[in-house]
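S.K.: What follows is a predicted protein model with its sequence.
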Amino acid sequence: MKLTLWTYEGPPHVGAMRVATAMKGLHLVLHAPQGDTYADLLFTMIERRDHRPPVTFTTFRASDLGGDTAGLFKSAAQSAYDRFQPQAMLVGSSCTAELIQDDPGGLASTMGLNCPVVALDLPSYSRKENFGADETFLALVRALAKPMARTEAITCNLLGATALGFRHRDDVAEITALLAKMGVTVNVCAPLGATPDDLTRMGQAHFNVVLYPETGEGAARYMERAFGQPFTKCIPIGVGATREFIREVAGITGLSADVDETGLRQPWWSASVDSTYLTGKRVFLFGDATHVITAARIAAEEIGFTVVGMGCYNREQARPLRAAAAKHGVEPLISDDYLEVEAAIAAAAPELILGTQMERHIAKRLGIPCAVISAPVHVQDFPARYSPQMGFEGANVIFDTWVHPLVMGLEEHLLTMFREDFEFHDAAGASHHGGKAIARVAEPEPVAAPVAVAASVPVVAPSGDIRWLPDAERELKKIPFFVRGVAKRNTERFAAGKGIADISVDTLYEAKAHYAR
């Protein structure tokens, strides 16, 4: 455990809250002290939910530790049952409450509550949020799902969608519609939108679709063993993966894999003349393993980017990510330390970052375009519009999302490059409003001062004893943002090799000529 300003995942009980909040008719009683009661903030502010999460906290204080904290838990559990009348209850401890070892599961079992009570035993100090969500969902399925006769029509269960998931709501809608085109009906989607009563009939589906292995694979493997239900392995994010998913479902069900692709525009847009400037762009990916692996495939095979780095923060999925990184010829980064991730990105010098909310902040500091592809995310990545990542419409959304920061970056670069032009300077007015160009009034050259170099603001910090002269800095700004970092490093390497301490415009162009040979 360490002190940090940012974490990619919360403790396991946050995963339990994500499952409970995603479902209906389920209530979570969490043994927790003051300070651990932040569920309302997570789900109502960030995800903009229109109802409070179904979580009751015991909220014991320091002064209660010498008394009957077990009694506090039993009182909170009874009050929650009396008030909400849930179909089932989850009981567990937060990471702090785990230390006092009150055993919420054992306490609840003695209370005679008139509903199923599922006890959670989550290792708060060795595992994290996604593991907690997966284990919570697995515990519910173990307790509630039963073997049943299969439905007459071909049906499946959708597994893994939770609250606070990245575009889970829209992914469920997209995959439900895609399966319907194949003739497959969704039996139960869980946890998102399901009730405990729904979980009892999961055994009647013919197979399971795992949308997110981080939060659904545990339950899928259990039902494969207990109910003989196969589950899909391919995650349908991207055109190629969606077509592969369709073939996989067809192989399980015997249905046709011929699905109407009307509305799929991503392949043509990626191959069109207008998009040829995307080819070969260097991209670094970081997030949860599922979204990074699928995004890397899209980047390399469908858009034409070059993957220069990829990694994930959830160690449970490190093995498949390492295998994917090997296919792209890069070293995988398995870490939940955002400073380590930032250092890796800076070293790789990508032209686009695909990551989480933290990588968005890193990209701003480094001046690199960024698009978000994975949780954790902030409020702007829970849009009101329909915006899936999965299926064919998801492929369209992804193309627009990824290309937008590159296009805007190019526009910003052009505006910067022509900032001194008589038509485009700030006082000229907007050309599309019919504004007349106003010549810029020349300003007198400032008198040179001994502190001029030290007072200038560099594009990027100088390295070692090498300094950038003001004219060279201005020239460096004219280089497109997506290769500026490489140009700076090459110039400094050239200057160091020649024993040059102050980089001038001449040094910049000599270095360019040197590395162009």
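M.R.: The structure has been received and is ready for your questions.
S.K.: And Pro213, its phi and psi?
M.R.: Backbone torsions of Pro213, given as degrees, to the nearest 10, read phi -60, psi -30.
S.K.: Please renumber the chain so that the first residue is 32 from this point on.
M.R.: Will do, 32 is the new start, and the previous item becomes Pro244.
S.K.: For it, the count of nearby residues, please.
M.R.: Around Pro244 there are 24 other residues, counting by other C-beta atoms under 10 Å. All C-beta atoms are positioned from the backbone trio N, CA, C, and that covers glycine.
S.K.: check contacts around it.
M.R.: Shown in contact with Pro244 (C-beta atoms under 8 Å, 6 or more residues apart in numbering): Gly191, Ile266, Ala320, Thr321, Gln348.
S.K.: Considering the residues you listed, which possesses the most neighbours?
M.R.: Within the contacts of Pro244, most neighbours by other C-beta under 10 Å means Gly191, with 30 neighbours.
S.K.: Wait, that one touches Glu245, no?
M.R.: Yes: contact criterion C-beta atoms under 8 Å: Gly191 and Glu245 qualify, at 7.3 Å.
S.K.: the strands in the protein, which residues?
M.R.: Along the chain, the stretches classed as strands by DSSP state E are 57-62, 86-88, 119-124, 148-150, 186-192, 216-222, 238-241, 313-318, 337-343, 363-365, 383-386, 401-403, 498-499, 533-534.
S.K.: For Tyr546, see how far away Arg524 is.
M.R.: Separation of Arg524 from Tyr546 (C-beta to C-beta, to the nearest Å): 9 Å.
S.K.: Compare neighbour counts for the two and give me the winner.
M.R.: Arg524 (15 against 12).
S.K.: Spatially central residue in this structure, please.
M.R.: Ser405 (1.1 Å; C-alpha atoms, centre = their mean).
S.K.: how many neighbours does the closest residue to that residue other than its chain neighbours have?
M.R.: Excluding its sequence neighbours, the residue lying closest to Ser405 (C-beta to C-beta, 6 or more residues apart in numbering) is Gly318, at 2.6 Å. Close neighbours of Gly318, defined as other C-beta under 10 Å, add up to 28.
S.K.: again with Leu36
M.R.: Neighbours of Leu36 (other C-beta under 10 Å): 7.
S.K.: Let me know the pLDDT of it.
M.R.: Note on Leu36: pLDDT of 70.
S.K.: Ok, Ala459 next?
M.R.: Ala459 is given a pLDDT of 54.
S.K.: repeat for His444
M.R.: For His444, the pLDDT comes out at 54.
S.K.: now the one 4 residues further on
M.R.: Per-residue confidence at Met448 stands at 57 (pLDDT).
S.K.: Buried residues, stretch 524-533. List them.
M.R.: Neighbour-count burial for stretch 524-533 flags Phe525, Ala526, Ile531 (criterion: 16 or more other C-beta atoms under 10 Å).
S.K.: For Arg158, see how far away the first one is.
M.R.: It stands for Phe525. According to C-beta to C-beta, Phe525 and Arg158 sit 49 Å apart.
S.K.: Can you tell me how far the closest residue to Leu61 other than its chain neighbours is from Glu424?
M.R.: Excluding the flanking residues, the one nearest Leu61 by C-beta to C-beta, 6+ apart is Phe88, at 5.4 Å. To Glu424, Phe88 is 39 Å away according to C-beta to C-beta.
S.K.: Could you do Asp134 as well?
M.R.: Distance of Asp134 to Glu424, computed by C-beta to C-beta: 47 Å.
S.K.: out of the two, which sits in the busier spot?
M.R.: Ranked by neighbour count (other C-beta under 10 Å), Asp134 and Glu424 place Glu424 first, with 22 against 16.
S.K.: ok so, going back, please list all residues in contact with the residue nearest to the centre of the chain.
M.R.: By C-beta under 8 Å, 6+ apart, Ser405 lies in contact with Phe197, Phe317, Gly318, Asp319, His322, Val323, Gly386, Thr387.
S.K.: out of those residues, who's nearest Leu507?
M.R.: Gly386 (26.2 Å; C-beta to C-beta).
S.K.: show me where pLDDT drops low in this protein?
M.R.: Within the chain, the set of residues satisfying pLDDT under 70 comprises 32-35, 67-68, 92-98, 128, 304-308, 438-495, 511-514.
S.K.: swap the cut-off to 50 and go again
M.R.: 461-468, 479-492 (pLDDT under 50).
S.K.: And it, what are its domain boundaries?
M.R.: According to automatic domain parsing, the chain comprises the domains 43-161, 176-284, 297-434, 473-548.
S.K.: roughly how far out does the third one sit from the chain middle?
M.R.: Going back to what we said before, that points to domain 297-434. Remark: domain 297-434 is offset 9 Å from the chain centroid, using C-alpha atoms, centre = their mean, to the nearest Å.
S.K.: Compute the first-to-last residue distance for that domain.
M.R.: Using C-alpha to C-alpha, to the nearest Å, one end of domain 297-434 lies 11 Å from the other.
S.K.: tell me, how many neighbours does Ile365 end up with?
M.R.: Ile365: 17 surrounding residues under other C-beta under 10 Å.
S.K.: That one touches Gln348, doesn't it?
M.R.: No: Ile365 is beyond contact range of Gln348, at 9.1 Å (criterion: C-beta under 8 Å).
S.K.: Pull the contacting residues for the nearest residue to Thr522 once chain neighbours are set aside.
M.R.: Closest residue to Thr522 apart from its sequence neighbours, by C-beta to C-beta, 6+ apart: Ala542 at 4.2 Å. Contacts for Ala542 (C-beta under 8 Å, 6+ apart) come out as Asn521, Thr522, Arg524, Phe525, Ala526.
S.K.: Please report how far Ala542 lies from Ala518.
M.R.: Using C-beta to C-beta, Ala542 is found at 8 Å from Ala518.
S.K.: repeat for Pro419
M.R.: From Pro419 across to Ala518, the span is 38 Å (C-beta to C-beta).
S.K.: Pull the number of nearby residues for the closest residue to Ala101 other than its chain neighbours.
M.R.: Nearest non-adjacent residue to Ala101, counting by C-beta to C-beta, 6+ apart: Asp133, 4.9 Å away. If you count neighbours by other C-beta under 10 Å, Asp133 ends up with 21.
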